[in-house]
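Undergrad: Give me a model of this one.
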Amino acid sequence: MATTQHTAGSPGLHPDLADTLTIGTRTFASRLIVGTGKYATYDQMREALDASGAEVITVAVRRERLYNERNESLLSFIDLSRYTILPNTAGCFSAADAVRVARLGRELLEQLGNPGANWVKLEVLGDRKTLLPDPLGTVEATRELVKDGFEVLAYSSDDPIAALRIKEAGATSVMPAGSPIGSGQGVLNRNNVVLCLELLKQGDAGYPVIVDAGVGGASDVSIAMELGADGVLLNTAVAHAKHPAMMAAAMRHACVAGRLSYRAGRIPKRLYASASSPWEGVIGYIPGE
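TA: Next up, the predicted model:
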């Protein structure tokens, strides 16, 4: 399959500082992926998607998620020529259900001619209270979907070994959670995310690792990107913000800022101060000297 190249970038970013995100056979300028659920209205959703600068958006493909109480279709409010749709298996609690929903998504997007047809954001959840992923079900569904020709972007916990097993099952990208879905707690265990990145990228530096779930504000996105994540996927933090489009714009800039900060290389943390100016020529007494 030919690679899809997108050129939309972040406004004001010098070309020398821009870098792209490659996931499987597709390449994008934006590293932010946003969801389409939980908005008060579809018009509000459309405004937020535009403000986010995202090129990939996730859609839950079951019919009850695609139509509102007025029988309006979510897809009617999305520019399918602008966005690559990443169908997701939200609400699935078994590998079999996730595989079935993924196939429904592929059929729908093939009819619409969208390039995301053979993509799936795989979610196999363990229970309704925590919405944490079922690691065994996720591995099982990943294997089945890969055999069926899908490029699987798999939602995982921040357990590095669980994430590695999903990659070994054939996932195109593993997406460790920052914190539980919709919780707004941000990246709770930064060390585990770093370990996920280390294991998943060992001998495979270009393997895409995307932090998925738990984002509350723009600083959470920046933190995830500064840790070395290749991208961030979020939904609730924008959809339930007081001003969704404004929050989407904040997330867009935070993603760029975090990525640039990571690439620039931060200074090491120190216990004591380190003067920015030289001590030579200082007038007067210096305590301790």
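Undergrad: Rounded mean pLDDT for stretch 72-83, please.
TA: Mean pLDDT, stretch 72-83: 85.
Undergrad: Can I get it as CSV, trimmed to CA atoms?
TA: Listed next in CSV are the C-alpha coordinates belonging to stretch 72-83 (Å, rounded to 0.1, in the frame of the first residue of the first chain):
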residue,chain,number,x,y,z
GLU,A,72,-28.0,12.7,12.7
SER,A,73,-24.9,10.9,11.6
LEU,A,74,-21.7,11.9,13.1
LEU,A,75,-19.9,11.2,9.8
SER,A,76,-22.0,13.9,8.1
PHE,A,77,-20.2,16.5,10.3
ILE,A,78,-16.7,15.2,9.4
ASP,A,79,-14.7,16.2,6.3
LEU,A,80,-13.7,12.7,5.2
SER,A,81,-11.3,14.1,2.6
ARG,A,82,-9.4,16.0,5.4
TYR,A,83,-9.2,13.4,8.1
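Undergrad: What residues sit buried inside it?
TA: When neighbours are counted by 16 or more other Cβ atoms under 10 Å, the buried residues of stretch 72-83 are found to be 74-75, 77-78, 83. Glycine gets a C-beta too; all of them are placed from N, C-alpha and C.
Undergrad: to the chain's geometric centre, what's the distance from that stretch?
TA: Once both centres are worked out by Cα atoms, centre = their mean, to the nearest Å, stretch 72-83 turns out to sit 20 Å from its chain's centre.
Undergrad: For Thr22, grab phi and psi.
TA: The phi and psi torsions at Thr22 (degrees, to the nearest 10) take the values phi -110, psi 130.
Undergrad: and it, how many neighbours?
TA: Taking other Cβ atoms under 10 Å as the neighbour definition, Thr22 ends up with a count of 16.
Undergrad: any chance of the buried residues of stretch 72-83 in a markdown table, with secondary structure and distance to Ala254 too?
TA: Supplementary listing: these in a markdown table, determined by DSSP: H, G, I helix; E, B strand; the rest coil; distance: Cβ to Cβ, whole Å:
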| residue | secondary structure | distance to Ala254 |
| --- | --- | --- |
| Leu74 | helix | 26 |
| Leu75 | helix | 28 |
| Phe77 | helix | 25 |
| Ile78 | coil | 23 |
| Tyr83 | coil | 20 |
